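Chemist: Fold the following and give me the result.
(one chain, ligands or ions: 1)
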Amino acid sequence: MKTKIFDNLNDLNEDFTLWLKELLAKKETLSIALSGGNTPKSLFKYWATHHAEDIDWTKIKFFWSDERCVWPTDDDSNYKAAKDNLFDHVPIPRENIFRIRGENDPYKEARTYQDVMQTELETINGIPQFDVIMLGMGEDGHTASIFPHEMNLWDSHNMCVVATHPKTRQMRISLSGQTINAAKNVVFLVTGAPKDKIVKAIIEDNENAQEKYPAAKVQPESGNLIWYLDSYAGRELSKQK
Ligand code: 6PG
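Modeler: Residues are numbered from 1 along each chain as shown. Have a look, this model is predicted:
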């Protein structure tokens with residue numbers, strides 16, 4: 001597991017992009033599951049502004065780590081965030097975009113997305129294996145849409161699960177723990193001061209943190225886990241030095 005802390009979002013986005021470009025250079029195609037929420041929007045805008053030309057976007061297949069059960073035109077949609085800030089600005093073939101259809105019945109769509117992943121991705125023991133899964137972390141230690149009040153969903157035998165936001169009760173579709181931990185590479189992009197203590201707990205006291213925080217359970221079998229943090233989210237870690 002690697003931890004990388006950056007003073008500003010530009011440096012964080014550039015470093016992550018260089019890492020991704022190195023991976024992409026070794027492959028014909030690359031499958032990535034995008035994280036949702038606000039943090040990745042900065043990365044999408046960065047890619048659209050600085051890397052529209054020097055990345056072969058046709059080599060990348062886009063999936064999601066989770067999606068809100070809303071229409072793709074809804075401002076809450078993780079797909080819409082990627083479309084508005086990235087897909088509308090760089091040459092990505094439509095056939096490379098595999099959105100979770102948040103407008104569909106959640107339970108049916110979770111099954112459908114599992115089939116899509118198993119069709120489009122290599123599988124290991126029947127589990128779809130992404131090249132990269134991007135994750136964020138909420139202020140309660142949730143990741144993708146696995147929240148502390150539904151920790152059981154992490155251990156689901158399904159590849160995709162239906163979750164509920166603890167406060168808004170909004171339904172979500174999320175990759176499950178076994179799909180996340182099957183990925184060749186998992187990258188957290190976490191920013192913001194309110195998350196600093198949970199980041200510290202997960203990285204420095206992971207066993208105990210696993211009792212409370214779904215994000216602590218992200219332990220890919222590949223061992224390839226990188227935490228990209230801004231100086232706020234990582235400030236408790238840097239204090240130890
Ligand atoms: C979502 C997410 C979720 C998100 C965290 C962090 O659909 O909301 O995938 O796991 O990554 O809540 O969100 P922020 O980046 O907005 O803090």
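Chemist: could you check whether the helix ranked longest in the chain is close to the ligand?
Modeler: Ordering each helix of the chain by length in residues (DSSP state H) puts helix 9-25 first. No - Helix 9-25 does not reach the ligand (CB under 6 Å from any ligand atom); its nearest approach is 11.6 Å. The C-beta positions use only the backbone N, C-alpha and C, and glycine is treated the same way.
Chemist: Show me the contact partners of that helix.
Modeler: Residues from elsewhere that reach helix 9-25, judged by CB atoms under 8 Å, 6 or more residues apart in numbering: 4, 6, 30, 32, 42-43, 46-47, 50-51, 54-56, 59-60, 131-132, 185, 187, 189, 191, 226, 228-230.
Chemist: mean confidence score for the helix or strand hosting residue 173?
Modeler: Here residue 173, judged by DSSP states H and E, is contained in strand 171-175. What strand 171-175 shows for mean pLDDT is 98.
Chemist: Name the next helix or strand downstream of it, please.
Modeler: Downstream of strand 171-175 (by DSSP H and E), the next one is helix 177-181.
Chemist: how far is the very next helix or strand once past that following helix from where the chain is centred?
Modeler: Sequence order places strand 185-190 as the next helix or strand after helix 177-181, per DSSP H and E. Averaged C-alpha coordinates place strand 185-190 at 7 Å from its chain's average position (CA atoms, centre = their mean, to the nearest Å).
Chemist: what's the burial count for the residue lying closest to residue 230 once chain neighbours are set aside?
Modeler: Spatial nearest neighbour of residue 230, chain neighbours left out: residue 191 (4.1 Å); criterion: CB to CB, 6 or more residues apart in numbering. Per other CB atoms under 10 Å, the neighbour tally for residue 191 reads 20.
Chemist: which parts of stretch 167-183 are buried?
Modeler: 171-183 (16 or more other CB atoms under 10 Å).
Chemist: Wondering if it reaches the ligand at all.
Modeler: No - using CB under 6 Å from any ligand atom, stretch 167-183 never reaches the ligand; the gap is at least 6.7 Å.
Chemist: before we move on, back to that, show me what the strand holding residue 173 is packed against.
Modeler: Secondary-structure packing of strand 171-175 (3 or more CB pairs under 8 Å, 6 or more residues apart in numbering; DSSP states H and E): strand 66-68, helix 106-120, strand 160-164.
Chemist: what's the angle between it and helix 106-120?
Modeler: Using axes from the mean of the first three to the mean of the last three CA atoms, to 10 degrees, the direction of strand 171-175 lies 20 degrees away from that of helix 106-120.
Chemist: closest to the ligand among the buried residues of stretch 167-183?
Modeler: residue 172 (6.7 Å; CB to the nearest ligand atom).
Chemist: Tell me who's in contact with the closest one.
Modeler: Taking CB under 8 Å, 6+ apart, one finds 66, 67, 68, 69, 106, 145, 162, 163, 164, 165 in contact with residue 172.
Chemist: picking that back up, in helices only, show me the contacts of helix 9-25.
Modeler: Under the assignment DSSP H, these contribute 42, 43, 46, 47, 50 to helices.
Chemist: Farthest pair within those?
Modeler: Spatially, the most separated pair among the ones in helices among the contacts of helix 9-25 is 42 and 50, at 11.9 Å (CB to CB).
Chemist: Name the residue in those two with the higher neighbour count.
Modeler: Between residue 42 and residue 50, residue 42 has the larger neighbour count (other CB under 10 Å), namely 17 against 14.
Chemist: Quick check: the closest residue to that one other than its chain neighbours vs residue 190, distance?
Modeler: With CB to CB, 6+ apart as the criterion, residue 42 has its nearest non-adjacent residue at 5.0 Å, and that residue is residue 9. To residue 190, residue 9 is 12 Å away according to CB to CB, to the nearest Å.
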